[in-house]
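# Sharing a sequence plus its predicted fold:
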Amino acid sequence: RAGNDFETWSAEQWQAIGKGVYLYKSQCSSVYNNTLKNLRFGISVYAYDEEGRQEYLTMKALLKDNFIQNISADFIRPLGSDITVDGNTGTDSYVSEDDGDPNHDDFVQGYAYPLGVEFQNVKIINNFYQVTTDLTRPWQSDGQGIAVFDGLYTNFEISNNTIISNMYHGITVFWGRDGIIKNNTSLLIDNSLKNQMWIQSTYDKSGKNAPVNVKVVNNVTSYLSLHENTEKLSHNNVVIDKELIADELIKYDPYNLIFDVAVKKDSPYYVDGTGSTITTLEAAMK
């Protein structure tokens, strides 16, 4: 922790506090079963090599079963090859761009620099993120879910994650090759918001590089945005209009922030084997 008096911190203090765990160019490391609270970043894993040589980019890192709460930037950054992010729970993003924080908050943010470098074998599995658990607290921040906007990730897996937030990007991979996005649930924390928490597979930022062999299957969301290459390989996704979400999920209470995001079995949207198996915050914390 960077301190226990976080309820009194200003927006400027939230940006100046200490960071959590940072692994740089280490190999065969694990960050397991920790509680990290009241920090600028949660867990960051980073490898860098100008020539993109995998022997330098491989981290063989495991980030597993950590509880991460009250973070003013990104919760987890898997920036390298051979990284597994498994079974982590994140809640409560703090301090927005409107509050003067230039960092847009993400639960899991990936990027591969310098551009042209390829990160391989990143798994983001069995995680749970809820952008806030208290609507009365100060410094609420919009939070993206799992996002890779820059550089190329290959042979990746994003599966069995639950994202409950208030921005646009629930799960988004720009570019990407030989990857799968499956059995995730990504929904708005409040269905009255104008945006969507979509699942997206699309071009890189230049618009020149399309996703190759990326599959999106068995997910539950309110919006899909798929490049035609991905769409051809994708199936069995459940898309529920955000205005109908409250009636189709077991529990959807945006006023008290209580959710069970499993689709009701008597819902016309129910499809066996779709969505995340981690449907409540309580279950994620066990």
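Looks like it arrived, so ask away.

# how distant is stretch 255-262 from the center of its chain?
Chain-centre distance of stretch 255-262: 18 Å, with Cα atoms, centre = their mean, to the nearest Å.

# contacting residues around the residue nearest the centre of the chain?
Geometric centre of the chain, nearest residue: Ile146, 2.6 Å, by Cα atoms, centre = their mean. With contacts defined as Cβ atoms under 8 Å, 6 or more residues apart in numbering, Ile146 is in contact with Asp106, Phe107, Val108, Ile124, Asn127, Ile158, Asn161, Ile163, Gly170, Ile171, Thr172. For glycine as for every other residue, the C-beta is placed from the backbone atoms N, C-alpha and C.

# Pretty sure it sits in a strand.
Yes - under DSSP: H, G, I helix; E, B strand; the rest coil, Ile146 falls within a strand.

# And the strands in the stretch 151-286 of the chain?
In the stretch 151-286 of the chain, the strands defined using DSSP state E, counting those that start in this stretch lie at 152-154, 157-159, 162-165, 169-174, 177-182, 185-188, 198-202, 212-217, 220-221, 224-226, 238-239, 249-253, 258-263.

# What's opposite the residue nearest to the centre of the chain in the beta bridge?
Val108, Ile171 (DSSP bridges).

# ok, which stretches of this protein are helices?
11-16, 54-57, 228-231, 245-248, 281-284 (DSSP state H).

# circling back: same list (the strands of the stretch 151-286 of the chain) but as JSON lines, adding mean neighbour count and distance to Glu50.
Formatted as JSON lines, the strands of the stretch 151-286 of the chain follow (neighbours: other Cβ atoms under 10 Å; distance: least, Cβ to Cβ, whole Å):
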{"stretch": "strand 152-154", "mean neighbour count": "22", "distance to Glu50": "15"}
{"stretch": "strand 157-159", "mean neighbour count": "21", "distance to Glu50": "27"}
{"stretch": "strand 162-165", "mean neighbour count": "28", "distance to Glu50": "33"}
{"stretch": "strand 169-174", "mean neighbour count": "26", "distance to Glu50": "22"}
{"stretch": "strand 177-182", "mean neighbour count": "21", "distance to Glu50": "21"}
{"stretch": "strand 185-188", "mean neighbour count": "28", "distance to Glu50": "35"}
{"stretch": "strand 198-202", "mean neighbour count": "24", "distance to Glu50": "27"}
{"stretch": "strand 212-217", "mean neighbour count": "20", "distance to Glu50": "24"}
{"stretch": "strand 220-221", "mean neighbour count": "27", "distance to Glu50": "37"}
{"stretch": "strand 224-226", "mean neighbour count": "19", "distance to Glu50": "33"}
{"stretch": "strand 238-239", "mean neighbour count": "16", "distance to Glu50": "42"}
{"stretch": "strand 249-253", "mean neighbour count": "16", "distance to Glu50": "47"}
{"stretch": "strand 258-263", "mean neighbour count": "19", "distance to Glu50": "42"}
